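In: Sequence first, predicted coordinates after that:
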Amino acid sequence: MKRVVACFDEKDPSTGRRKRNWCTIKHMFRRVPNPLCISRFRKYVDNGGTQRQKLDDVDIFVYDMFENARQQFLCVYDIDLRRWALKKARELNLEAFEASSKWLLNFKHLHRISSRRITQLVTRKHIESQEIDESAKRFVFKTNKLIEKYNPEEVLNSDQVGINLEVVGHRTLTHVGEQSTWGSVRSIGNTSHSYTIQSTISLS
């Protein structure tokens, strides 16, 4: 926030006027949704921040997360907005903040966000392999602790399940008035095909 205020207040020595207008600041700091936040940031820096200013911080953080997700054509739901809001609120020690239904409604209205049916799908350019690897490591660690209590021949895993090659949501939160609402998938063909498997494995 100090950087935002400093950039906005910086003056041209030759003219004595501000070097940057709001459009430039918005381009530099995409997390700042409107000019009103500049004055709030200034007060926040001066007195350490009020509850209202901390709530503004939550708003900016959640909108930034929403923007980043939609730029990647990822689906966003109400629970995501609430989860991001609670995460930021805890960081700011806003213990009474609950990301209520009223807060959610006001947030979506303020930023012109609504639920829309996905009309087009695109292939993801990359997979966040690091997150997948970490999840796999946690699973292996927990499983190894559990199977230590049994003999190898007693450890079996079997299941029959019908699986879509790729499951995709049909709605997402996005901007009001958007002409085309895009979502991302690994393969468009996979969204219309499924298969059934029956697998059984033994540790021994």
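Out: All right, it came through fine. Numbers count the residues shown, from 1 in each chain.
In: So which residues make contact with stretch 112-121?
Out: 66, 75, 107-108, 168-178, 180-185, 188, 191 (CB atoms under 8 Å, 6 or more residues apart in numbering). (C-beta placed from N, C-alpha, C; glycine too.)
In: at 6 Å what do you get?
Out: Contact partners of stretch 112-121, identified using CB atoms under 6 Å, 6 or more residues apart in numbering, comprise 170-176, 180-183, 185, 188.
In: Name the nearest residue to the residue nearest the centre of the chain, ignoring sequence neighbours.
Out: In the chain, the residue lying closest to the centroid (CA atoms, centre = their mean) is Met65, at 4.3 Å. Nearest residue to Met65, sequence neighbours excluded (CB to CB, 6 or more residues apart in numbering): Trp84, at 4.7 Å.
In: Report all helices and strands that the host helix or strand of the one you found contacts.
Out: Assigned by DSSP states H and E, Trp84 belongs to helix 78-91. Contact here means 3 or more CB pairs under 6 Å, 6 or more residues apart in numbering; DSSP states H and E; on that basis helix 78-91 packs against helix 51-71.
In: and the angle from the helix it packs on to helix 78-91?
Out: Following axes from the mean of the first three to the mean of the last three CA atoms, to 10 degrees, one obtains 140 degrees for the angle between helix 51-71 and helix 78-91.
In: Show the average pLDDT along helix 51-71.
Out: What helix 51-71 shows for mean pLDDT is 90.
In: Could you tell me how far that helix lies from the centre of the chain?
Out: Its chain's average C-alpha position is 10 Å from that of helix 51-71, according to CA atoms, centre = their mean, to the nearest Å.
In: then it to PDB, C-alphas only?
Out: Provided in PDB are the C-alpha atoms of helix 51-71 (Å, rounded to 0.1, in the frame of the first residue of the first chain):
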ATOM      1  CA  GLN A  51     -11.400  -2.000  10.300                       C
ATOM      2  CA  ARG A  52     -13.000  -0.300   7.300                       C
ATOM      3  CA  GLN A  53      -9.700  -0.200   5.600                       C
ATOM      4  CA  LYS A  54      -8.900  -3.800   6.400                       C
ATOM      5  CA  LEU A  55     -12.300  -4.800   4.900                       C
ATOM      6  CA  ASP A  56     -11.200  -2.900   1.800                       C
ATOM      7  CA  ASP A  57      -8.000  -4.900   1.800                       C
ATOM      8  CA  VAL A  58     -10.100  -8.100   1.900                       C
ATOM      9  CA  ASP A  59     -12.100  -6.800  -1.100                       C
ATOM     10  CA  ILE A  60      -9.000  -6.000  -3.100                       C
ATOM     11  CA  PHE A  61      -7.400  -9.400  -2.400                       C
ATOM     12  CA  VAL A  62     -10.600 -11.300  -3.300                       C
ATOM     13  CA  TYR A  63     -11.100  -9.400  -6.500                       C
ATOM     14  CA  ASP A  64      -7.400  -9.900  -7.500                       C
ATOM     15  CA  MET A  65      -7.800 -13.700  -6.900                       C
ATOM     16  CA  PHE A  66     -11.000 -13.700  -8.900                       C
ATOM     17  CA  GLU A  67      -9.300 -11.800 -11.800                       C
ATOM     18  CA  ASN A  68      -6.300 -14.100 -11.900                       C
ATOM     19  CA  ALA A  69      -8.500 -17.200 -11.900                       C
ATOM     20  CA  ARG A  70     -10.700 -15.900 -14.700                       C
ATOM     21  CA  GLN A  71      -7.700 -14.800 -16.800                       C
END
